[in-house]
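In: have a look; sequence and predicted model below, questions after that.
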Amino acid sequence: MVLAPRPRVHSRVANAELVAERRSALTSAARELFLRQGFHKTSIREIAAAVGWQMGTLYLYISCKEDVLHLIIRESMDGLTRSLEAVPQQASALLTLREAVATLFRSVHDERAAVKLCYRESDSLLPEHLEDLKQTELGERGILANVIRRGIDQGEFRAVDADLFAHNIVMMAHSWALKRWALRGKFSLDDYLAGQLEFIFRPLVASGQAAS
């Protein structure tokens, strides 16, 4: 899958290493504010104060408050994609997919606050940033779909729609961040993962193949 070039967040600072360092501090401080009081109720001055900067310093690294939201969401979503990309390809597509699903679920658990923020505030993103978020999720889905297609080609999986199946896996993972409250006290992450692996692989694995 070829994704469109990523939209840039304007910076007046040329030193890329310094920009990355400062934006990391900025997103850390702003994330807490957005989670606690929401994007719309958080002012740009509050963000500057939280990170300990003057307003002029803040505008060296971003152009508007929406840029900050985009940086926070992109940082977390990129982390999910990188975790999937790092899953080693094994001879068996089934084993590769099991590890990829477990990796995605655990990564979503680690980034659950940011995933919730993404769903809650995505309508506040600038149009080009929202499109970037959609492309990122399509890339995440594409990694899983490619493993599923390989399993179909190798006779390990039934002939399912790989994109739809991968989409459902992504939504199951995100659901742990969004609806975990409904399962709290009954399911741990490991319990949830084990149940969902069974749910995923029972209809996927071809007849005569072991599901684990």
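Out: Structure's in. What do you need?
In: got a list of what the closest residue to Glu75 other than its chain neighbours touches?
Out: Using CB to CB, 6 or more residues apart in numbering and skipping the chain neighbours, the partner closest in space to Glu75 is Thr27 (5.9 Å). For glycine as for every other residue, the C-beta is placed from the backbone atoms N, C-alpha and C. By CB atoms under 8 Å, 6 or more residues apart in numbering, the contact set of Thr27 is 68, 71-72, 75.
In: domain parsing for this structure?
Out: Listed by automatic domain parsing, the domain ranges of the chain are 11-63, 65-204.
In: I'd like these as JSON lines, with mean pLDDT appended.
Out: Putting those into JSON lines (pLDDT from 0 to 100) gives the following:
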{"stretch": "domain 11-63", "mean pLDDT": "93"}
{"stretch": "domain 65-204", "mean pLDDT": "94"}
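In: which of the ones you listed is buried the deepest?
Out: domain 65-204 (a mean of 17; mean count of other CB atoms under 10 Å).
In: pull up the distance across it, start to finish.
Out: Start to finish, the residues bounding domain 65-204 are 44 Å apart (CA to CA, to the nearest Å).
In: tell me which element Ile143 is part of?
Out: Element membership for Ile143, per DSSP states H and E: helix 127-153.
In: distance of the residue most central in space within the chain relative to Met171?
Out: The centroid of the chain falls nearest to Met77 when counting by CA atoms, centre = their mean (3.2 Å). Met77 sits 15 Å away from Met171, going by CB to CB, to the nearest Å.
In: can you tell me how far the nearest residue in space to Arg112 that is not next to it in sequence is from Val115?
Out: Of all residues not flanking Arg112 in the chain, Ala177 sits nearest, at 3.8 Å (CB to CB, 6+ apart). From Ala177 across to Val115, the span is 4 Å (CB to CB).
In: same check on Ala14?
Out: To Val115, Ala14 is 33 Å away according to CB to CB.
In: what do you get for Glu121?
Out: For Glu121 relative to Val115 (CB to CB), the value is 11 Å.
In: with Ser28 instead?
Out: Ser28 is 17 Å from Val115, by CB to CB.
In: show me where the protein has its helices.
Out: 16-37, 44-51, 55-61, 65-85, 93-110, 112-121, 127-153, 162-178, 189-204 (DSSP state H).
In: many thanks, we can stop here.
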